[in-house]
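*Asks:* Any chance you can model this:
(chains A and B)
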Protein chains: 2
Amino acid sequence: METASKVLFLVMDGLGDRPVAGLGGRTPLEAAHKPKFNHFAFHGATGLVDPVTRGICPGSDTSHLALFGYDPFQFYTGRGPLEAVGCGFDAKPTDVCLRVNLGTVENGVVTDRRAGRIEDIRPLLEGLNGTKVQGITFFLRPGIGYRGALVMRGGEAAISDGDPHSTGLPPLAVKSLVPKAKKTAVALNSFLEKAHRHLDNHPLNKERAKLGLPKANYLLVRGAGVLPSIPSFHRRWNLRASAIAAGGLYRGIARLLGMHIIDVAGATGTPTTDVRAKFAAAGEALRTFDFVFLHIKGTDVLGHDGKANEKKQFIERIDRELSVPAGTLFVATADHSTPCSLKAHSADPVPLLIHGPSVRSDAVREFSERAAAHGGLGRLRGIELLPEILGLLGRTPKYGE
Amino acid sequence: METASKVLFLVMDGLGDRPVAGLGGRTPLEAAHKPKFNHFAFHGATGLVDPVTRGICPGSDTSHLALFGYDPFQFYTGRGPLEAVGCGFDAKPTDVCLRVNLGTVENGVVTDRRAGRIEDIRPLLEGLNGTKVQGITFFLRPGIGYRGALVMRGGEAAISDGDPHSTGLPPLAVKSLVPKAKKTAVALNSFLEKAHRHLDNHPLNKERAKLGLPKANYLLVRGAGVLPSIPSFHRRWNLRASAIAAGGLYRGIARLLGMHIIDVAGATGTPTTDVRAKFAAAGEALRTFDFVFLHIKGTDVLGHDGKANEKKQFIERIDRELSVPAGTLFVATADHSTPCSLKAHSADPVPLLIHGPSVRSDAVREFSERAAAHGGLGRLRGIELLPEILGLLGRTPKYGE
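*Replies:* Now for the predicted structure:
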């Protein structure tokens, strides 16, 4: 059999789960009707991945770095810079970048961390972009929906979150984590207060209030950091890569690694995304690129919402739309588990499937968490996956002679 | 399905074994009739643990530290201090602690390292406790049976063992391992000689000699060390823990880690222990504590004695008495293997079983060394077990976002 030269790398965000009583003690993936995934499992090899390492509950950011073969303990500098790059901001190495949620604050308390999942925050941010406070310039960029990035030019990154990560609490005052970041925290708090007044009085928010919608009147910031110094994916693996992902974080990581970003109409980063269009775009991209990263976010969203049946149905939809060009090395996995019973990420390992020419198939006939535990690929760490893939492509350099 | 919040952590000391001809080529665990363990294996997940790391033959001390999530290469300072704490001695950070066997020396040669497994050494030690030799004060504390602890106030820990670890040899002269420990070694040898004379002439030993019992007339010392500086279990894992264990070493480790020690009448640290009473006490403790460590020593004792059939029967007794409160995360494993064919510890990995709500069960239907090799938990190091458990409890902090 020939050797594959192209890789379709499918990451279903938060795919891994735990047994769900309402699904007869099966996980959403186990319960899903997924003939294509099972076909690939039957003819391919499976295993379990600890995205960061055993017993570590991964964020989507650290786990994607790991899945692309970059040790997060070495390269992760916080979520902010990844979001900023994902929102298309060309951050300088000294810029302090933060993730922003546009949230709702009423009577000093956060009542909605997503301002009713507002869909377009661009007009709200316009008047704030470029504001200067105490020698620091603040840039704002919208992401998808209520999400965005805040970049501070001038200042130090060692500051705490303003987002209380929970409703019913006041926004947190940002604090300096080292003495020299004190001025930065003071300036940021001052900017956030100023932005709150600006947003609260914005005509669009007055309009929202009239309609009974929560005002998008507060910048909830978190994950401050500067850009990591990181070698490109092409330099590290000698593979020309492109990325199909709607979410800012995933686009940010891909862009940071020098992957070519492909925009797909109808890709939303939600369970209503156009899965078929994404696979079609991936198939098209594989003519040009060696490695296509295809990210699907809906599985994670439904895990966070605890909707096991909807998660199962969404997996079934992915399976229906799944198409892989012949001769391609198809890798399907997840960045972490988001068990519906927890409504949060967990440290449970995620299933891995590799199918393609020259893959040693195993006895596993199904793509699922429990079946993959008995797979021929064994149990591996996230950073071991790219070397494994390179090996299957016959592109692993020899160590010794 | 809900997530467990309580953990019953059962360690069957020296449980792991090798195929035994007299048991039809099965291990004692494989040969044992153990419907409850098999039920938990069927509905739970299994795996193999290398308590320290692959190819390392663990002591009970290093392996328990590892199973509790403390890297022994970082925290282990010798068996002595763990025994001293287990015997209830409040050692100071500079005290040099040693494990003691009360043994039998005849004509200058060790003829029994356990003095006929003498059951109570308290009266023998009384006259020696508090002795001062060359500026060093010697404290003695009895443990279970022939076991005890010797603590030297003043002195250096870098000294060798006096216990020759074998009969037919004279007790070893304790040697200094660094120049500044020379005085300590000299003082200890002098004290041991003095103690030998005292014990040999003790009325209880004269009585034993008349009855044809071996004299308990020599302090066989080993494992010198000072207390490790170690964070408490609660601080490290945020779990309130209690311990049910008869053996001094296990109580010592638990006490050192700040676990609450529960005394159980009839718990002896031997194969005649009251297993049912221990499980009952564990069930009771789980109402109050998040994590209950239940230690059973008999499996190891029978392995050391090479009694495979008795080891099998003892495992059957544990299975009969086994009870786990509903909804509890039940973890069963061993600290090391003590194969009957070796009559000693070995580096063979030990079986692991985890059962409870939200555990992804695997295809393994039996709790045994060979079945667990195919289990869904894979093969893990001892220090990875607590993070794994924390993950199942949904208590693992997220790394990244």
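
*Asks:* shouldn't residue A:306 be in contact with residue A:341?
*Replies:* Yes. Using C-beta atoms under 8 Å, residue A:306 is in contact with residue A:341, at 7.4 Å. C-beta here means a position set from N, CA and C on the backbone, and glycine is covered the same way.

*Asks:* ok, which residues in the stretch 301-401 of chain A are in contact with chain B?
*Replies:* A:339, A:341-342, A:344-348, A:369-370, A:373-374, A:378-379 (C-beta under 8 Å from any C-beta of the partner chain).

*Asks:* Of those residues, which belong to strands?
*Replies:* Residues of these located in strands (DSSP state E): A:378-379.

*Asks:* re earlier: just want to know which of residue A:306 and residue A:341 has more residues nearby.
*Replies:* Neighbour totals were compared for residue A:306 and residue A:341, and residue A:341 leads with 20 against 16 (other C-beta atoms under 10 Å in any protein chain shown).

*Asks:* ok so, going back, okay, the residues of the stretch 301-401 of chain A next to chain B in a markdown table with pLDDT next?
*Replies:* Below are these laid out as a markdown table (pLDDT from 0 to 100):
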| residue | pLDDT |
| --- | --- |
| A:339 | 97 |
| A:341 | 94 |
| A:342 | 93 |
| A:344 | 93 |
| A:345 | 95 |
| A:346 | 96 |
| A:347 | 95 |
| A:348 | 96 |
| A:369 | 97 |
| A:370 | 96 |
| A:373 | 95 |
| A:374 | 94 |
| A:378 | 94 |
| A:379 | 94 |
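
*Asks:* before we move on, which element is residue A:354 in?
*Replies:* strand A:350-355 (DSSP states H and E).

*Asks:* What pairs with that strand, parallel or antiparallel?
*Replies:* strand A:45-50 (antiparallel), strand A:329-333 (antiparallel) (DSSP bridges).

*Asks:* and those strands, which is most packed in?
*Replies:* The highest mean neighbour count among the strands paired with strand A:350-355, using mean count of other C-beta atoms under 10 Å in any protein chain shown, belongs to strand A:45-50: a mean of 26.

*Asks:* Contacts for that one next, please.
*Replies:* Among residues not part of strand A:45-50, those counted as contacts by C-beta atoms under 8 Å, 6 or more residues apart in numbering or on different chains are A:56, A:67, A:333-334, A:347, A:349-355, A:359-362, A:364, A:367, A:369, A:371-373, A:375-382, A:385, B:376, B:378.

*Asks:* Now do that strand: distance to the chain's middle.
*Replies:* Remark: strand A:45-50 is offset 20 Å from the chain centroid, using C-alpha atoms, centre = their mean, to the nearest Å.

*Asks:* Show me what secondary structure element comes after that strand.
*Replies:* Strand A:45-50 is succeeded, C-terminally, by strand A:57-58 (DSSP H and E).

*Asks:* Strand partners (parallel or antiparallel) of that next one?
*Replies:* Strand A:57-58 is paired, per DSSP bridges, with strand B:398-399 (parallel).

*Asks:* Output the set of residues of chain A in proximity to chain B.
*Replies:* For chain A, the contact set with chain B under C-beta under 8 Å from any C-beta comprises A:18-21, A:25, A:27, A:48, A:52, A:54-63, A:72, A:76, A:79, A:99, A:222-223, A:339, A:341-342, A:344-348, A:369-370, A:373-374, A:378-379.

*Asks:* what pLDDT, on average, does the longest strand seen in chain A get?
*Replies:* For chain A, the strand that runs over the most residues, judged by DSSP E, is strand A:96-106. Per-region confidence: strand A:96-106 scores 97 on mean pLDDT.

*Asks:* again with stretch A:110-120
*Replies:* On average, stretch A:110-120 scores 94.

*Asks:* Now do the same contact list for the nearest residue to residue A:114 once chain neighbours are set aside.
*Replies:* In this structure, residue A:114 finds its nearest non-sequential neighbour in residue A:146, 4.5 Å apart by C-beta to C-beta, 6 or more residues apart in numbering or on different chains. Applying C-beta under 8 Å, 6+ apart, one finds that residue A:146 lies in contact with A:101-103, A:114-115, A:117-118, A:121, A:216.
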